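Q: Here is my input; please provide its structure:
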Amino acid sequence: MIDAYTVARESGMGSIINTVMQVCFFAISNVLPREQAIEEIKNSIRKTYKRKGEEIVQKNLAAVDNTLARLSTVKIPASVTTKKELPPLVAPDAPEVCP
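A: Predicted coordinates:
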């Protein structure tokens, strides 16, 4: 799981998430060994974006590193339960609106 838009924004990429999603795919797919895939992505970034300037290259490289740092696993229960838990209607720490 990853919040790709947050990673892209924090890396200086705005709302462009293609680099983030590419890194996620190769990091979890095992198409190539993870380290090899990441190095190939970084080499491709350097080659593809060098004509757009070093700043663009660095933003994309930062997106790669930030993606790896923010990628997390979501554990899925082995079985489904029938227990229903509803969230509270108002957050317990919400400020009181009406006195």
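
Q: where does the chain dip in pLDDT?
A: For the chain, the stretches with pLDDT under 70 are 87-99.

Q: Tell me where it has strands.
A: Using DSSP state E, no strands are found in the chain.

Q: Please, where are all the helices along it?
A: Along the chain, counting by DSSP state H, helices occupy 4-10, 18-29, 34-49, 54-70.

Q: Looking at those helices, which is nearest to residue 80?
A: Closest to residue 80 of the helices of the chain is helix 18-29 (Cβ to Cβ; 24.0 Å). Bear in mind the C-beta positions are built from the backbone N, C-alpha and C, glycine included.

Q: In TSV, list the helices of the chain along with mean neighbour count.
A: Output for the helices of the chain, formatted as TSV (neighbours: other Cβ atoms under 10 Å):
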stretch	mean neighbour count
helix 4-10	18
helix 18-29	17
helix 34-49	14
helix 54-70	17
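
Q: Can you add distance to residue 79 and give those back as CSV?
A: CSV is the format used below for the helices of the chain (distance: least, Cβ to Cβ, whole Å):
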stretch, distance to residue 79
helix 4-10, 30
helix 18-29, 24
helix 34-49, 31
helix 54-70, 29
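
Q: right, and those - which one's nearest residue 78?
A: Between the helices of the chain, helix 18-29 lies closest to residue 78; by Cβ to Cβ that is 20.2 Å.

Q: just how off-centre is the closest one within its chain?
A: 9 Å (Cα atoms, centre = their mean, to the nearest Å).

Q: That helix vs helix 34-49, what angle?
A: 160 degrees (axes from the mean of the first three to the mean of the last three Cα atoms, to 10 degrees).

Q: elements contacting helix 18-29?
A: helix 4-10, helix 34-49, helix 54-70 (3 or more Cβ pairs under 8 Å, 6 or more residues apart in numbering; DSSP states H and E).

Q: Of all those helices, which one is nearest residue 24?
A: Taking the helices and strands packed on helix 18-29 one by one with Cβ to Cβ, helix 54-70 is closest: 6.3 Å.

Q: coming back round to it: just tell me which of the helices and strands packed on helix 18-29 ends up closest to residue 22.
A: helix 34-49 (6.3 Å).
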